[in-house]
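J.: kindly generate the corresponding structure for this input.
(chains A and B)
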2 protein chains.
Amino acid sequence: MANITKKVSWSSRADESGGTGEGTPLLNGSGQPRLSRQLSGGGSVFQIGRLSTVDLEEEMSSEEDSLRGRLKEIPHNEKLLSLKFESLDYDNIENQLFLEEERRMSYMGFRCLEISRWVVCGLIGFLTGLIACFIDIAVEEIAGIKYRVVKENIEKFTEVGGLSISLILWVVLNSVFVMVGAIIVACIEPIAAGSGIPQIKCYLNGVKIPRVVRLKTLVVKVFGVICSVVGGLAVGKEGPMIHSGAVVAAGVSQGRSTSLKKDLKMFEYFRRDTEKRDFVSAGAAAGVSAAFGAPVGGVLFSLEEGASFWNQMLTWRIFFASMISTFTLNFFLSIYHKKPGDDVRNTVDYNLYEIPLFIIMGAIGGLLGALFNKLNYWLTIFRIRYVHRPCLQVIEAVLVAAVTATVSFTMIYFSNDCQPLGPDHTEEYPLQLFCADGEYNSMATTFFNTPERSVRSLFHNQPGTYNPLTLGLFTLTYFFLACWTYGLAVSAGVFIPSLLIGAAWGRLFGILLASITSTGSIWAGPGKYALIGAAAQLGGIVRMTLSLTVIMVEATGNVTFGLPIMLVLMTAKIVGDYFVEGLYDIHIKLQSVPFLHWDAPATSHWLTAREVMSSPVTCLNRIEKVGTIVDVLSNTSTNHNGFAVVTQGAGGDEPAKLCGLILRSQLIVLLKHKVFVELARSRLTLRKLQLKDFRDAYPRFPPIQSIHVSQDERECMMDLNEFMNATPYTVPQDTSLPRVFKLFRALGLRHLVVVDDENRVVGLVTRKDLARYHLGKHGLEELQLAQT
Amino acid sequence: MANITKKVSWSSRADESGGTGEGTPLLNGSGQPRLSRQLSGGGSVFQIGRLSTVDLEEEMSSEEDSLRGRLKEIPHNEKLLSLKFESLDYDNIENQLFLEEERRMSYMGFRCLEISRWVVCGLIGFLTGLIACFIDIAVEEIAGIKYRVVKENIEKFTEVGGLSISLILWVVLNSVFVMVGAIIVACIEPIAAGSGIPQIKCYLNGVKIPRVVRLKTLVVKVFGVICSVVGGLAVGKEGPMIHSGAVVAAGVSQGRSTSLKKDLKMFEYFRRDTEKRDFVSAGAAAGVSAAFGAPVGGVLFSLEEGASFWNQMLTWRIFFASMISTFTLNFFLSIYHKKPGDDVRNTVDYNLYEIPLFIIMGAIGGLLGALFNKLNYWLTIFRIRYVHRPCLQVIEAVLVAAVTATVSFTMIYFSNDCQPLGPDHTEEYPLQLFCADGEYNSMATTFFNTPERSVRSLFHNQPGTYNPLTLGLFTLTYFFLACWTYGLAVSAGVFIPSLLIGAAWGRLFGILLASITSTGSIWAGPGKYALIGAAAQLGGIVRMTLSLTVIMVEATGNVTFGLPIMLVLMTAKIVGDYFVEGLYDIHIKLQSVPFLHWDAPATSHWLTAREVMSSPVTCLNRIEKVGTIVDVLSNTSTNHNGFAVVTQGAGGDEPAKLCGLILRSQLIVLLKHKVFVELARSRLTLRKLQLKDFRDAYPRFPPIQSIHVSQDERECMMDLNEFMNATPYTVPQDTSLPRVFKLFRALGLRHLVVVDDENRVVGLVTRKDLARYHLGKHGLEELQLAQT
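T.: Numbers count the residues shown, from 1 in each chain, chains lettered A, B, ... in the order given. Got it, this is the predicted structure:
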């Protein structure tokens, strides 16, 4: 039994790596991880004992699970890399067809392409802005109706008695909204769950997450996020906006929608991974820009995540998309509000001696963030194990909605923090409850409001608006609510809840500080501490750095706080990283995504391409039998995506030299169009295959099973010369891992051929071969590959 | 005669390219540029006829020059690439020594390195801030004294008559300052002339500009810029601040000063191009940050210029340096001013219908910028031809200073634009002259002030402060003065003068607009038009994009103007690029620097590595005779910097396979330490050569002539195995130019080996081989290489 489980979770590790394809676990023959072979070699600080034990436990438990009949359940483990994720190919496939097209194109042709790139970016910005506008207005309108209904109800029953009816009304209203949101996510498009930022990070990193940039995802995301925010969950709508921007970009740039079966015959040149990725990064930037009013922050976000493709013109286009997006949003919102957008600016300044305090707050943020992440990590593990059926997910979401409403109600009910109504009525929905006339319940301003408004109140309200107990209780409850909420099967972000928690304890910190110092006058402005606390908490949870600083500065319009915010984010990151990774990274790891970081692990210089690569490689000849190709592609146990093309020496005994690289998707198109050569006769096909045929099939290439090849055709030959990439990047066997990594990452490769000193193919390096090495607590560790 | 000139300007093109080294012009044997050979091949849109003619004319004229005995004079031409510039090597030399060191290093070692990188960046920021602060205060103090003296003098003589004495005083004062500045630049360190931004751009691009990051340059730069600004030239101090930051970074990060002969034995790990470049980009960012109070703009500036090395942690460190720099500057300035820095913010807003007007202004800026650049281009050509002796340069600088003072005085004298003194006395040095009491001469606020203050007045002064005639005259004169000044042998930047010109005509534009529209009320705030005009003019001259937008937004603290500024900069760039390149690019081209742009020219897909590379390559054996090595290195006609290391086949007739790459600098160190093996006996050297020996020699490796090798030693052998980079990057011969370019640029390479399909060396691609192809008006053009 143990053997079977092992087989399931290991399987062959040869996806896209061009291994032998015998279906055996490719543990380099010896059945043990590669690193352990190194142990005998040098005195490196290195342990794998513990790792293996953990894996064993994990496998044991999954085995027990399977005994209980839950075979579909996946033994998730962050020490695994999943083989189900394919890579995007950011390296142009420079085959003859491509080169011919490029060579045919005139200078004006390139100019036109450049102009259409700008047009597409403008469109992306505009549409993203519109979508953000739609979400904003919808949330505001629907939440407004909900709060008014509940408020009237509460006011009615406060006098009459029987507030439990109000509670039930509130709970039911929230639950219904959340249920709708959860159902569309869980049943129609599960990838639309959560903030979407981890998915976009992966996409920009070069991992193909299935269905992440489809139209259906967009629709579900937009309506899902409206439902969850209106449903009163502890969530924000910023993450989903970023995801929406990315989907818009992927759609607009391709000039067609596969879902709607509509092809505008435009932008056909952009139908490949390289170009699409550029547009998706523009879309993500436009999303950030719309979500926070932070165009520069958006550009930096895309660059931080997208890596490997910094290019002046591209960045400038991304910035253009961001600007248009913010502008569109502000323009339509100002029409909707019938007044120019409110430009609330913190005009307060900070003193030099406050900086140490800010740093302390940063450390607190790091600690709380780590706690948040750790709790959410356990919760996610629990969810992966036990809450993976759609109906269970919907039930959990509704439960959270009900609990959130109940807790909010209880907190408001038992709070007796009454504050006088300001002359300017800054509170949108003041709840009088048991307060005297002309007063309102302060706890309600934080709970009985959309989280965004609550954050703004915490930043900008006058000192004395909140009492410390309210803030403390609020922080505590909201912390756990937000932690429980993130990872539910609803479309929702974690930015705003994090800011809200941080703003609450930051303001509390400021108030306490003022009460400790005798006069309290020099520590004026708890709003400033709320801002710093918000930054600290958010930084502690998501661990973003440069882009987050700029986003915070742009969102608050407060340039002077740049330095403190940077210091706080840095402290939060350092402290938090000591305990546990950032929230997005945790979720990426839990999905076993082969995510490539910026550099190879520091202590990996003693690994070389020879140890890292997969071998032996499935090779094809320049002119290959169709039957062989079909067999290779049909081999489900290997499921390779890239194949080395070689020339045999004249004598036959001479070894095969590398002469090209061809992808599964290309072979599929070739087979589909039956580009065969019969040995005896001339070419069978009349039509010459063109680049357009490949573009039409992109990105949803049919599986090999859908292509019928007759027995006669199997005997034909296929000429790969014209279609293979004749100049793939190669490295010698002795290249160190950091060097391989740098080449791979800088060029955004999918396959890197390892050759010996006579240019013979000895192995293939893919994303998974590189992503599996990481620096653990006990030195360099090696992740294992699983089919799940 | 024509032949000789040709030989001089062509010479061999083999620097760092490992060509044959026979000293003959390496025109691929046929004596004609490579591109022309292509013409017969395909129907590409391609002309070289005109190019050749131009070159011929150029050579003819230089020939005539040489006839007149000015042999030292250089026939500068933007159609040449100079061979005198070497490349920086951003690819780590992964030889055995390096790998051994890396493998020995523990995880804690890497952590410590990381921490020291942060410390160095903090120091860079701090010191750059201090230097900026010093420049600011020195300029303010000395200029203050100067203006007070002149003002008192003018006031005295206005009553008495005989203002010509004031004029003389002013002219003499200015000339003396400028003369001092010009003398130290022209005689001590000519590289310190100008803004330094083109040099920093080149450095970050990967070109080694001699002496650009030395301590002497810094000192001359700092004192030079103080002299030129105090001397009343139409210059700014921002460019030099950026250069200063870069020098500080290069110095601090190496932990020693070769000039001062002081070695702190710190940061030895950072003594190589890769690490140093990273720090220099941090320094440049810190400089921008200090100059404009724009930390994010600084980061983006470094990234835009530095390219190829975007890395999250690095960017975060760069941002840290920038922040510290701004903070330091503001902190010390606030102490100096005894009040917190004035945070003047434009609170005005723009209307949607103004955007077309802004775009028109952008176009005007582009036109004026192109005019400026064209004039400056001709002037620079003139200077290169006729003003290249230090004494002439000093005389020209003094002349410009005198003319500037005279023109300013005349303009002030003949202007009768009297304005009432405001209640807040915003003018630092109001000149009453012939105005009534309580009034001041408005022309004087622009001329009789440091350019920076003038810009601020144009942005922020109340409507009605300037009359249109004043602004028009000022724009006209200052335009020509600034154009004449840029390129003088003084340390000075072009940012502030550009802003000033733009602000002047922008404000004029705003005033005219208000007078055209009947009420004038809706076009309130000419200050806003001054801002847009400044952006347009600066954009038209320097053609920076993303970073400049952010710098402008940060410098004015005005986030709402982000979109208009971006649109204006874009328009200015598009319009300007139609006529002529940006100012920095012009100066880089005139220096014939092999500057690599972001991408290969669009229409270059039909060029392959085979056509681009230099061949044949000078190869060395793994164990090579010392005499051979000395001969190869001593060959002044080739002066190669990189050599392929090959293994001969067993039989001798089998061709040599590539097995590594070794640099001239490494061979020099090996020769210096006499790491020889005598064939008969055992190893001669006792001490094993270590990485430290290479680091100690970095970056000023001695020339081969300084190393004495005896006749006996010439017979010894040298074992290169341990020192060569055993895994150089290679490409096949058929790789297209864009693909070669991408690999080269993304990894910051210096040498890229071209191999055939049996891994035999067939050529070497260097920076100059790639930089020589560019897109001219008539399609793809090929620059020629010159020894100058």
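
J.: shaky segments in chain A?
T.: Counting by pLDDT under 70, the ranges of chain A that qualify are A:1-78, A:307-310, A:338-348, A:422-429, A:432-434, A:518-524, A:649-655, A:678-687, A:787-788.

J.: for the one residue sitting closest to the centre of chain A, helix, strand, or coil?
T.: Taking Cα atoms, centre = their mean, the centroid of chain A lies closest to residue A:198, which sits 1.9 Å from it. What DSSP: H, G, I helix; E, B strand; the rest coil gives for residue A:198 is helix.

J.: residues contacting it?
T.: By Cβ atoms under 8 Å, 6 or more residues apart in numbering or on different chains, the contact set of residue A:198 is A:584, A:587, A:588, A:591. Every residue, glycine included, has its C-beta placed from N, CA and C.

J.: now it: how far from chain B?
T.: Here the distance between residue A:198 and chain B works out to 16 Å (Cβ to the nearest Cβ, to the nearest Å).

J.: could you do residue A:263 as well?
T.: For residue A:263 relative to chain B (Cβ to the nearest Cβ), the value is 27 Å.

J.: and if you look at residue A:722?
T.: To chain B, residue A:722 is 13 Å away according to Cβ to the nearest Cβ.

J.: the closest residue to that residue other than its chain neighbours: neighbour count?
T.: Once flanking residues are discounted, residue A:722 sits nearest to residue A:96: 4.6 Å by Cβ to Cβ, 6 or more residues apart in numbering or on different chains. For residue A:96, the tally of surrounding residues (other Cβ atoms under 10 Å in any protein chain shown) stands at 13.

J.: for residue A:765, phi and psi?
T.: Per-residue torsions, residue A:765: phi -110, psi 130 (degrees, to the nearest 10).

J.: likewise residue A:605?
T.: According to degrees, to the nearest 10, residue A:605 has phi -70, psi -20.

J.: contact partners for residue A:657?
T.: With Cβ under 8 Å, 6+ apart, residue A:657 has these contacts: A:646, A:647, A:649, A:758, A:759, A:760, B:757, B:758.

J.: repeat for residue A:734
T.: Counting by Cβ under 8 Å, 6+ apart, residue A:734 touches A:608, A:609, A:610, B:726, B:727.

J.: so where does residue A:780 fall, helix or strand?
T.: Using DSSP states H and E, residue A:780 falls within strand A:779-782.

J.: for that strand, buried residues please.
T.: If you call a residue buried by 16 or more other Cβ atoms under 10 Å in any protein chain shown, then strand A:779-782 has these buried ones: A:779, A:780, A:781, A:782.

J.: the second one and residue A:611: what is the separation?
T.: If I follow you right, that is residue A:780. Relative to residue A:611, residue A:780 is positioned 12 Å away (Cβ to Cβ, to the nearest Å).

J.: which residues of the stretch 651-788 of chain A lie near chain B?
T.: A:657-659, A:726-727, A:729-732, A:734-736, A:739, A:742-743, A:746-747, A:755, A:757-759, A:775, A:779 (Cβ under 8 Å from any Cβ of the partner chain).

J.: inside helices: which ones of the contacts of residue A:198?
T.: A:584, A:587, A:588 (DSSP state H).

J.: any of those residues buried? List them.
T.: By 16+ other Cβ under 10 Å, the ones in helices among the contacts of residue A:198 give A:584, A:587, A:588 as buried.

J.: return the residues in contact with the last one.
T.: Right, the one you point to is residue A:588. A:198, A:201, A:202, A:595.

J.: isn't there a strand covering residue A:718?
T.: Yes. Assigned with three-state DSSP, residue A:718 falls within a strand.

J.: verify the stated contact: it with residue A:627.
T.: No. Counting by Cβ atoms under 8 Å, residue A:718 sits too far from residue A:627 to count as a contact (10.0 Å).

J.: when those two are compared, which one has more neighbours?
T.: residue A:718 (24 against 16).

J.: could you check how far that one is from residue B:218?
T.: Counting by Cβ to Cβ, the gap from residue A:718 to residue B:218 is 64 Å.

J.: residue A:321 against residue A:286, yeah?
T.: Yes. The criterion here is Cβ under 8 Å, and residue A:321 meets it with residue A:286 at 4.5 Å.

J.: between the two, who's got more neighbours?
T.: Legend: neighbour count by other Cβ under 10 Å for residue A:321 and residue A:286, higher for residue A:286 (41 against 36).

J.: and what about that one, helix, strand or coil?
T.: Applying three-state DSSP: residue A:286 is helix.

J.: how is residue A:645 assigned, secondary-structure-wise?
T.: The three-state label given to residue A:645 by three-state DSSP is strand.

J.: beta partners for it?
T.: Assessed by DSSP bridges, residue A:645 has beta-bridge partners residue A:620, residue A:660.

J.: that one contacts residue A:719, correct?
T.: No. Assessed by Cβ under 8 Å, residue A:645 is found out of contact with residue A:719, at 10.9 Å.

J.: residues that sit against both of those two, list them.
T.: By the contact definition Cβ under 8 Å, 6+ apart, residue A:645 and residue A:719 are jointly contacted by residue A:622.

J.: the more surrounded of those two?
T.: residue A:645 (24 against 15).

J.: next one: the more buried one relative to chain B, how far apart?
T.: Counting by Cβ to the nearest Cβ, the gap from residue A:645 to chain B is 12 Å.

J.: residues contacting residue A:391?
T.: residue A:186.

J.: can you redo the contacts of residue A:588 as a markdown table with distance to residue A:505?
T.: A markdown table is the format used below for the contacts of residue A:588 (distance: Cβ to Cβ, whole Å):
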| residue | distance to residue A:505 |
| --- | --- |
| A:198 | 26 |
| A:201 | 27 |
| A:202 | 32 |
| A:595 | 31 |
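
J.: and which of the residues you listed is nearest chain B?
T.: residue A:201 (11.9 Å; Cβ to the nearest Cβ).

J.: got the contact list for the closest one?
T.: A:305, A:584, A:588, A:595.

J.: let's see it at 6 Å
T.: The contact partners of residue A:201, taken as Cβ atoms under 6 Å, 6 or more residues apart in numbering or on different chains, are residue A:305.

J.: can you name the next helix or strand after the particular helix or strand that has it in it?
T.: Element membership for residue A:201, per DSSP H and E: helix A:197-205. Downstream of helix A:197-205, the first helix or strand assigned by DSSP H and E is strand A:207-208.

J.: good, we can wrap up now.
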